[in-house]
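J.: sequence? don't have it. structure:
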C-alpha cells in the first residue's frame with residue numbers, strides 16, 4: 001500500500017529541505033517541465049525530419065524508376081521501329097523518313113533517361129545498393145553505345161544484304177538491352193524498399209521512444225506528484241483525527257518536497273507539543289491517582305466539603321459508612337448525613353466553625369444518618385483547608401460501631417468469664433495469681449476474691465503437675481506463646497481434679513513484661529467416659545470379654561514374653577455347636593443369654609492371666625500363656641470342654657451345649673498371631689468335621705484339607721461363569737405300574753482338573769460360602785426349562801424334583817426365585833417339587849415355615865427328603881404339611897435283613913399316608929427290594945434298579961426306549 005510505503009509511524013529525522021538544497025542543483029517543477037518539453041521537441045523534430053526525408057526520397061525514387069522504365073520503353077521502341085523501317089521497299093523507304101525521325105526521337109529519349117540515371121546520386125540508398133546500381137548503369141551505358149551505333153545505321157540506306165545484318169543484330173541484342181533495363185528497374189525497387197524499411201524502423205523507434213518517454217513522465221508524475229499529494233491528503237486527515245504520529249517520506253527538491261517537509265516539520269512540532277502536554281497530564285494524573293490512592297486506602301472515611309457545607313469529595317470508606325454511592329452525595333449538603341433532630345444544632349456549629357476554623361481532633365461519639373435511615377455511631381475530626389479562592393473542610397469520619405461492639409464484647413466476655421464453668425486464671429511469670437474466675441474459686445474452694453492477689457498457682461496444683469508446669473509448660477508457653485496438656489489440680493474438698501489446661505503467654509506493649517492466662521476444663525467426666533470407651537473398644541459388649549483387637553494385642557505381648565522367657569503360648573479357638581438352631585428356635589435374646597453364660601464360664605474356669613475373648617457370633621478364643629510344655633494346654637482345654645458341656649438353664653428349659661475346640665501352640669504351629677489364630681481355626685473346623693463336641697490340636701496335615709477346601713471354593717466361584725455345572729436326572733417310577741412319573745435333578749460339577757465331582761464334596765462348601773444361592777437359582781431354572789422341553793416333546797409329563805439347602809431356606813427371596821424359574825420356563829407349578837431335609841428346615845423353623853407356605857401357595861409341591869435320619873421326625877411332619885415323604889436309602893437297603901429297618905419303613909409309609917402325603921422309597925437296587933416295599937404300601941420308587949442318574953441326552957434316549965416298549 002502507498003500509505004504503508006510512504007508513511008511511517010515513528011520519529012522521522014531526515015535533513016531539512018534547505019540542507020538538502022545547499023550546494024546542489026535544484027530540480028524544481030518548472031525545470032522538470034522544461035526538460036520534458038525539450039525531450040518532446042527533440043523527438044517531434046526527429047520524427048518530422050525523418051518523415052520529410054522519406055517523402056523526398058519517395059519523390060526522387062519515383063522519378064528514377066520512371067526514367068528506368070523509359071529506358072526499357074525507348075529500347076523496345078527503337079528495336080520495333082528499326083525492324084519496321086528496314087523491311088520496306090524503296091517507296092516505303094521514302095515514307096521511312098518518318099521512321100527515322102521516330103528512331104532518333106527514341107534514341108534521344110533513351111540517352112536522356114540514361115543520363116539522368118547516370119548522374120543520380122542514390123545517396124538515400126545503402127552503399128552496396130548504390131554500388132550495384134552504378135555498375136548496372138555503366139553496363140547499360142556500354143551496351144547502349146553499341147546498340148545506338150547499330151540503330152543509327154538504320155538511318156542510312158544500305159544494300160539489302162547489309163540491312164539484313166543490322167536486323168539480325170537488333171534481334172540478338174534487343175532482348176539483352178531490355179533485360180538490363182528490367183534488372184535496373186528491379187534493383188532500384190529493391191533498394192528503395194530496403195531504404196524505406198530502414199526509414200520505417202527509425203520512425204517506429206522514435207514513436208516507441210516517445211511512448212517510453214510518456215510512460216516515464218506518467219510514472220514519474222504519479223510518483224513525484226500524485227502519490228505525495230495523495231499521502232499529504234491522508235496525512236491531513238490523520239491530523240484532523242488528532243493523530244500526529246505519522247511522517248511522510250519524500251526527499252525531492254521540488255515544490256512538493258518543500259510542502260512535504262513543511263508538513264513533517266509541522267507534524268513533529270505538533271507531536272512534540274502533544275507529548276509535552278501528555279507528560280504534564282500524566283504527571284497530573286499520577287498525582288491525582290496518588291492522592292486518590294491515599295484517600296481511598298484510608299481506614300477512616302474522608303469527606304471534603306466547601307464552606308457552605310456542600311460535599312466536594314469523599315472516599316470509599318465514607319461510602320460504606322453512610323451507605324451512599326459517591327455519585328449521589330457529591331454536590332449535596334452535609335446536613336443530609338445528620339439525623340433530623342440534630343440538624344439545627346449542626347448548622348449552628350458549622351457556621352461557628354467556618355467563622356473560626358481550626359483543626360479539631362476526634363472527640364466523643366455522635367450519631368450519623370445512613371441512606372437506609374439507620375443511624376450509625378461515628379467519631380469525627382475536622383481540618384480546615386484554605387487557598388486564595390475558596391475554603392474547604394476535611395472531615396475524617398471513623399465508624400465507631402466496631403469499637404463500641406468490641407467494648408460491649410469485652411463487657412460480655414468478662415460476664416462470660418465470670419459465668420463460664422471452665423477455670424480461667426491469669427498469673428505472672430513467677431506464678432503469682434492476678435485473676436481467677438468464680439468457677440475456679442468454686443471448684444478449688446477456700447479462695448476468695450480478696451485472697452487471689454496473695455495466692456500462687458503452686459497452691460492449686462498437685463506436686464506432679466507443679467513439676468510439669470515448672471519444667472515444661474511455662475518454658476514452652478513463654479517461648480512459643482502457647483502450651484496445652486493435661487494435669488491435675490488440687491482441691492482440699494475434692495482432692496485431685498484432672499483438667500485440660502491451655503496456657504497462653506502475653507506481652508505488654510513494650511515487649512518486656514510477660515504474663516500468662518490459663519484456661520482449665522474439668523475433664524473428670526471425660527476421663528470416666530474415655531475409660532468406658534476404652535472398655536467398649538477393647539471388650540465385647542455382650543460378654544465383657546476381650547474383643548478381637550485386644551485379643552490380637554495380648555497375643556503379640558504373650559508371644560514377645562514367651563520369646564524372652566523361653567515359654568509356650570496356646571491359642572484356643574472355641575465354636576458352639578448348633579448355636580444357630582438355638583437362635584432360630586428360641587430367639588436371639590435367649591442366644592445372648594447363652595453367650596453371656598459361656599463367657600462367665602470361661603472367666604470362672606481359666607486362669608486369671610489367660611486372655612478370654614469373643615471374636616463375634618458364637619466364636620470364642622483364649623490365650624493360654626506361660627506354658628512349659630504342650631501337655632499343660634491339653635489339661636486346661638480338656639477341663640474347659642467339660643465345664644462348657646455342663647447343662648444350662650434357658651427359659652425354664654435345660655440345655656446341654658457342646659463345643660468344637662481347636663488349639664495351636666507357639667512356637668510349633670506359628671510365630672505370629674495371624675498364623676496361630678488361623679491354625680487354631682483350622683483345628684476347630686477339623687473338630688467339627690470329626691463329629692463336633694470335641695477338641696483337636698493343630699497338625700500340618702490339616703492345612704492340606706483347608707487348602708483343598710479353599711481351592712474348591714475358589715474354583716466353584718467360577719464354575720457358573722465357565723459353564724462347568726451339569727444336571728443329571730434320576731427317574732422316579734410308580735410302584736405299581738413301574739411307569740416313569742418324574743425325575744430328580746442331581747447337581748454335578750465337571751471340574752476342569754478333577755472331572756465329575758459329587759455333590760457331597762462341594763455342596764457343603766457352597767453352603768458355607770453362600771455360593772449355594774446362585775447355584776440353587778441356576779439349578780431351579782435349568783431343571784424347570786428341561787422339564788418343559790420334555791413335556792413339549794411328549795417324553796415325560798411328570799414332575800421334576802429339585803433339592804433345596806438349609807442356606808436357601810434362610811433367604812427371603814427364595815419364593816421369588818422359584819416363581820421366576822417357573823415364569824421363564826413356562827412349567828406348571830404342580831410339576832415342580834422341592835426336596836428339603838429335616839435338618840435344613842428345623843434350623844430356622846419360623847422363617848422356613850413362612851417361606852414354605854409361600855412356595856406351596858404358588859402350587860409347588862414340597863418333599864421331605866431323607867426322612868427318619870433326624871431326631872424329631874414326628875414334629876417335622878406335624879409342623880410342615882409335605883406332599884411327599886422320601887424314605888432314606890439306609891432303611892430301604894437293609895429292610896430285607898433287618899426287621900427294625902423294615903418296621904421303620906412300614907411306619908414311615910403309614911405316617912406319610914396318615915398326613916395325606918405320598919410315600920417314596922429311595923435307594924431301590926434290586927427287584928426284591930422293589931417288591932417288598934411295594935407290598936408295604938409305598939407309592940413311588942427311585943434307585944439304581946430303575947435307572948441311575950443320567951445326563952440329559954442319556955435320559956432322553958432312555959425315555960425313547962421306554963416309549964417304544
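T.: Sure, I can see it. Everything numeric here is computed off the predicted structure, so don't read it as measured data.

J.: Just the pLDDT at residue 33, thanks.
T.: Per-residue confidence at residue 33 stands at 80 (pLDDT).

J.: in which helix or strand would I find residue 744?
T.: strand 740-751 (DSSP states H and E).

J.: so what secondary structure elements neighbour that strand?
T.: helix 701-719, strand 725-734, strand 755-757, helix 759-768, helix 772-793, strand 799-804, helix 952-964 (3 or more C-beta pairs under 8 Å, 6 or more residues apart in numbering; DSSP states H and E). In this view, the C-beta of every residue, glycine as well, is placed from N, C-alpha and C.

J.: in it, what's buried?
T.: 740-749, 751 (16 or more other C-beta atoms under 10 Å).

J.: How far away from the center of its chain is that strand?
T.: Between the centre of strand 740-751 and the centre of its chain there are 55 Å (C-alpha atoms, centre = their mean, to the nearest Å).

J.: Helices of the stretch 451-600 of the chain, start to end?
T.: 463-468, 474-480, 524-538, 548-565, 579-586, 588-605 (DSSP state H, counting those that start in this stretch).

J.: Could you do the stretch 101-250 of the chain as well?
T.: 127-153, 160-221, 227-240.

J.: Helix 160-221 and the shortest one, what's the angle between them?
T.: In this case it means helix 227-240. 10 degrees (axes from the mean of the first three to the mean of the last three C-alpha atoms, to 10 degrees).

J.: Pull the distance from stretch 600-615 to the chain's centre.
T.: Taking mean C-alpha positions (C-alpha atoms, centre = their mean), stretch 600-615 and its chain are 59 Å apart.

J.: if we can go back for a sec, Throw the helices and strands packed on strand 740-751 into JSON lines and include mean pLDDT, thanks.
T.: Below are the helices and strands packed on strand 740-751 laid out as JSON lines (pLDDT from 0 to 100):
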{"stretch": "helix 701-719", "mean pLDDT": "72"}
{"stretch": "strand 725-734", "mean pLDDT": "92"}
{"stretch": "strand 755-757", "mean pLDDT": "79"}
{"stretch": "helix 759-768", "mean pLDDT": "76"}
{"stretch": "helix 772-793", "mean pLDDT": "91"}
{"stretch": "strand 799-804", "mean pLDDT": "93"}
{"stretch": "helix 952-964", "mean pLDDT": "77"}
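
J.: most neighbours per residue, which of these?
T.: Of those, the one with the most neighbours on average (mean count of other C-beta atoms under 10 Å) is strand 799-804, at a mean of 25.

J.: So the residue nearest to the spatial centre of the chain: helix, strand or coil?
T.: Closest residue to the average C-alpha location of the chain: residue 721 at 35.6 Å, with C-alpha atoms, centre = their mean. Following DSSP: H, G, I helix; E, B strand; the rest coil, we place residue 721 in the coil state.

J.: And it, how far from residue 927?
T.: 45 Å (C-beta to C-beta, to the nearest Å).

J.: list the contacts for residue 523?
T.: Residue 523 makes contact with 486, 498-500 under the criterion C-beta atoms under 8 Å, 6 or more residues apart in numbering.

J.: Out of those, give me the two with the largest separation.
T.: 498 and 500 (8.1 Å; C-beta to C-beta).

J.: Show me whatever sits in contact with both of these two.
T.: 486, 523.

J.: show me the contacts for the closest residue in space to residue 824 that isn't next to it in sequence.
T.: Excluding the flanking residues, the one nearest residue 824 by C-beta to C-beta, 6 or more residues apart in numbering is residue 781, at 6.0 Å. Contact analysis of residue 781 by C-beta under 8 Å, 6+ apart lists 820-821, 824-825.

J.: Would you mind splitting this structure into its domains for me?
T.: 37-224, 298-403, 421-528, 560-699, 716-964 (automatic domain parsing).

J.: quick one: which of these is nearest residue 290?
T.: Minimum separation from residue 290 across the domains of the chain (C-beta to C-beta) falls at domain 298-403, 13.0 Å.

J.: tell me the mean pLDDT for the closest one?
T.: According to the model, domain 298-403 has a mean pLDDT of 84.

J.: Straight-line length of it, end to end?
T.: Start-to-end span of domain 298-403 (C-alpha to C-alpha, to the nearest Å) is 17 Å.

J.: I'd assumed residue 884 was in contact with residue 917.
T.: Yes - between residue 917 and residue 884 there is a contact at 5.7 Å, judged by C-beta atoms under 8 Å.

J.: Next, count neighbours for residue 654.
T.: If you count neighbours by other C-beta atoms under 10 Å, residue 654 ends up with 8.

J.: what sits against the nearest residue to it once chain neighbours are set aside?
T.: Computed as C-beta to C-beta, 6+ apart, the closest residue to residue 654 that is not its neighbour in sequence is residue 647, at 4.8 Å. With contact taken as C-beta under 8 Å, 6+ apart, residue 647 is in contact with 654-656.

J.: what's the pLDDT at residue 647?
T.: Listed pLDDT for residue 647 reads 88.

J.: would TSV of the helices of the stretch 451-600 of the chain with mean pLDDT and distance to residue 242 be doable?
T.: Below are those laid out as TSV (pLDDT from 0 to 100; distance: least, C-beta to C-beta, whole Å):
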stretch	mean pLDDT	distance to residue 242
helix 463-468	87	81
helix 474-480	85	66
helix 524-538	79	80
helix 548-565	91	86
helix 579-586	73	99
helix 588-605	89	96
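
J.: Compare those and give me the one nearest residue 369.
T.: Nearest to residue 369, of the helices of the stretch 451-600 of the chain and by C-beta to C-beta, is helix 474-480 at 48.6 Å.

J.: which strands and helices sit next to that closest one?
T.: strand 482-491, strand 495-507, strand 514-522.

J.: in the second one, what's buried?
T.: When neighbours are counted by 16+ other C-beta under 10 Å, the buried residues of strand 495-507 are found to be 497-503, 505.

J.: can you check stretch 246-256 too?
T.: Going by neighbour count (16+ other C-beta under 10 Å), the buried part of stretch 246-256 is 246-248, 250, 252-254, 256.

J.: Also stretch 116-125?
T.: Quick answer for stretch 116-125 (16+ other C-beta under 10 Å): 116-117, 120, 122, 124-125.

J.: Could you count how many residues lie near residue 177?
T.: Other residues near residue 177 come to 23 when the count uses other C-beta under 10 Å.

J.: and the gap between it and residue 567?
T.: In terms of C-beta to C-beta, residue 177 sits 167 Å off from residue 567.
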